[in-house]
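1. Sequence isn't available, so here's the structure alone:
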């Protein structure tokens, strides 16, 4: 059976006449005269789904002795750790060569020890906490931190959208993304989802498989046709996608992250006025066989990082060739880090704080925060200490990247958190 | 169909086709060649679900579990059991601008007059304003019967008769008539077709709607005589050759029947025969009716001519064939070609005639046939809006206030009826006397229900019913209780079983392994591959249902899962 690409319109398909004359111009609203090269800022979020092992990703070389003690069966051999320009105490996983290059070209910032008080180790709850900005102790928040922000500036959405002022989706998730609460507004998602699709011709609602050649399948196809006509943003997305070809020749084959980033680059280059893109790389939940038993620098985690870094490398190259690199901030994060102490199955269990990685030309290059401290005689109960509340990271992005007002930031992150020093 | 109806109908149809009609797919290769022999194949959940989907407004998990324990005949016995006459609709509208002077709150209005007029109300406003309170009340009552139905085919048959013998409440403007008409359809739901046609012919609602009450010897009105033949009985099938003269002649037979409305103070909801207005001459029909002559009769005997007319019409095989085609389109599929005509329609019509027009055995035969259970006929009918709205509310245990809060209860039911109307099925008020195009108009048939506006409305309604806040309009709150729905599945803590059970109940097209794994991973497991994450979350919720954190984890994931499932094209099918 042929795989099909799809659009899942996460916003209800309401086709009502515009009820809003002037939409408040928020920081995430595009100036009317914007062109691909002068338009507003864009955030591209890449979620490493399952919980990424930060200690084997951004490696604290000055803690190597105690790390070896805690996770000898999975730790990257010291000699294979990639060294970074200007620091001798922190390195990268050997599968991150392209990120090493980006770091050395001063295009990366790495925020150490991102977390929150009273850490939660459940995938579900942890990702909810991260996406809603609720913190650990409030399970009553069902809206997302960007959803609230977009909703505040687009209170009537989706009534009257798309419009002349706001012709394109406010936010897009690309590829197979677990339906994210980041974009959840007060009553509905502020974003739409499109699948990876190089042609953009197969934009169909909520479907990923061919309908069977039966009477039933005939009606499914009929409704999908109507549905794609109904999806009012489709033509805008298709136009943008067709306007811009990918220019980079570096995109790796058979790389699902690259496929999604290719689409995002095309849409950005094609002038789509969408401020937020979210995509996901799966399978970071390595309770066992995270590394090969014979060579800890190889194995499942290594494969994922290799895929990720190759995709980002080509994506950044593409943005430069399109001339839009200064408007795009790329953020790489996971729902949590993994345990300091590895287990006997060559894997790691759920942990707490993690490094957030940022790529872009407008960043203050280098590290925010210090290497995590690994104490002597680590036990399974030990976890990394939080250095930066994740809501401080969000605050920095909203404040400095999107120029959001203090009120907007408070509404978005549900409180006042000190910003971190992330941008130039 | 009068000129106004035709104009309305055309406008409706033209207005609906707002996207270029796609070339119709060829369905000839997908037509079942099976006939009416009793189905003898495997009897699994798949067949049970097919039968229940087509017989009920939505299938509940507990109903699937119950019926799965029965064999086919036992299932049919339950579905075709006698259904009690529903309680009468009550005054739940005595608030706001109109206080019904004769009907205390909570009491029925079905026998109460409209007078005296409240201050500021003219007699004309009795028709347009005051009656609208009762009409909306009656539509809500009807929607309530659908949502609260027992697992019995009667409510689906009542709606069937409404599509087959259509009237419009808004043209009659006396909700008591409309109520009486609905009860007539209910009492004959699985009864005798011929008897129903006889009763409908002198039903006050039909006499007003099709102008029978102004059909007199001196000023005949052909309206009902035409629709009686063209739409309700012999129809327009290839074997139907009644003539224009037959229409005029039948109208003469029908002269003298009136409803008994005299003034707004009238409490008489009935009809009678006025011999002085009856045409007493002999009535000679065409060769199609074997040149039958209905002997003209004077005095009270004139009323008996109607019985002769019905007898004559039913000597033709066409009424049986026309009805069987309608039943087929309603319960099985819209496409009737020579094979279906030969293997299903003709023998079914023969059975209807052999059974002296008793409908019950005929519907039961159709719904237990090899043809009905042919895979080709499964999951291929687009839900009409009543099936979608009432079915959704029923399946997902939508909380509607009970009898003690009848004002809110009726408001909730009326809102459900409003939603059906927003999706182009205004129950009680089809676009014309021909009913809804979905049941008769080539080549789209049921695809008429779906256009860019109605599909968007369907998706937006399911989304809002599933949202955390619920659907709130006009002072009512309607939510789908997806947690309860999930808890009633066979093993909600098992992510795979949850997906299997829920997709089977909600989507008639089976999910293959790829789709199954996709929805499980994306929604229940938030991207993880290990089912035990869901099991842990569900068990934590079940053992601490009041723990807000445990609830929030499960609730959010299920909410997004069902939003996705109900927005799929497959959810629109039965």
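-> Arrived safely, thanks for sending. Here the structure is a predicted model, which means the values were calculated and not measured.
2. so where do the helices sit in chain A?
-> Here chain A has its helices, by DSSP state H, at A:64-71, A:97-104, A:123-132, A:145-153, A:215-230, A:234-243, A:256-269, A:300-322, A:390-396, A:406-413.
3. Nearest to chain B, out of the ones you listed?
-> Ranking the helices of chain A by proximity to chain B (C-beta to the nearest C-beta) places helix A:215-230 first, at 3.6 Å. The way it works is simple: take the backbone N, C-alpha and C, and place the C-beta from them, glycine included.
4. on contacts alone, who are the packing partners of that closest one?
-> With contacts taken as 3 or more C-beta pairs under 8 Å, 6 or more residues apart in numbering or on different chains; DSSP states H and E, helix A:215-230 sits against helix B:452-466.
5. quick revisit: got the helices of chain A as CSV, with mean neighbour count and mean pLDDT columns?
-> Shown next, in CSV, are those (neighbours: other C-beta atoms under 10 Å in any protein chain shown; pLDDT from 0 to 100):
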stretch, mean neighbour count, mean pLDDT
helix A:64-71, 19, 96
helix A:97-104, 20, 98
helix A:123-132, 24, 90
helix A:145-153, 25, 92
helix A:215-230, 22, 78
helix A:234-243, 18, 79
helix A:256-269, 25, 92
helix A:300-322, 22, 97
helix A:390-396, 23, 98
helix A:406-413, 18, 95
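6. Between these, which one is closest to residue B:361.
-> Of all the helices of chain A, helix A:215-230 sits nearest to residue B:361, with 26.7 Å by C-beta to C-beta.
7. quick one: that closest one to chain centroid distance?
-> On the basis of C-alpha atoms, centre = their mean, to the nearest Å, helix A:215-230 sits 32 Å off its chain's mean C-alpha point.
8. thinking again about what came up before, can I get the helices of chain A in TSV including distance to residue B:366?
-> Listed next are the helices of chain A as TSV, based on distance: least, C-beta to C-beta, whole Å:
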stretch	distance to residue B:366
helix A:64-71	69
helix A:97-104	66
helix A:123-132	48
helix A:145-153	50
helix A:215-230	17
helix A:234-243	41
helix A:256-269	49
helix A:300-322	56
helix A:390-396	61
helix A:406-413	59
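9. right, and these - which one's nearest residue B:499?
-> Residue B:499 lies closest, by C-beta to C-beta, to one member of the helices of chain A: helix A:123-132, at 16.4 Å.
10. Across the sheet, point out what pairs with the residue nearest to residue A:360 when sequence neighbours are not counted.
-> Nearest residue to residue A:360, sequence neighbours excluded (C-beta to C-beta, 6 or more residues apart in numbering or on different chains): residue A:329, at 4.4 Å. Beta-bridge partners recorded for residue A:329 (DSSP bridges): residue A:43.
11. Report whether the expected contact of residue A:329 with residue A:402 is present.
-> No. Applying C-beta atoms under 8 Å, one finds residue A:329 not in contact with residue A:402, separated by 9.5 Å.
12. between these two, what contacts are shared?
-> Overlap of the contact sets of residue A:329 and residue A:402 (by C-beta atoms under 8 Å, 6 or more residues apart in numbering or on different chains) consists of A:41, A:43.
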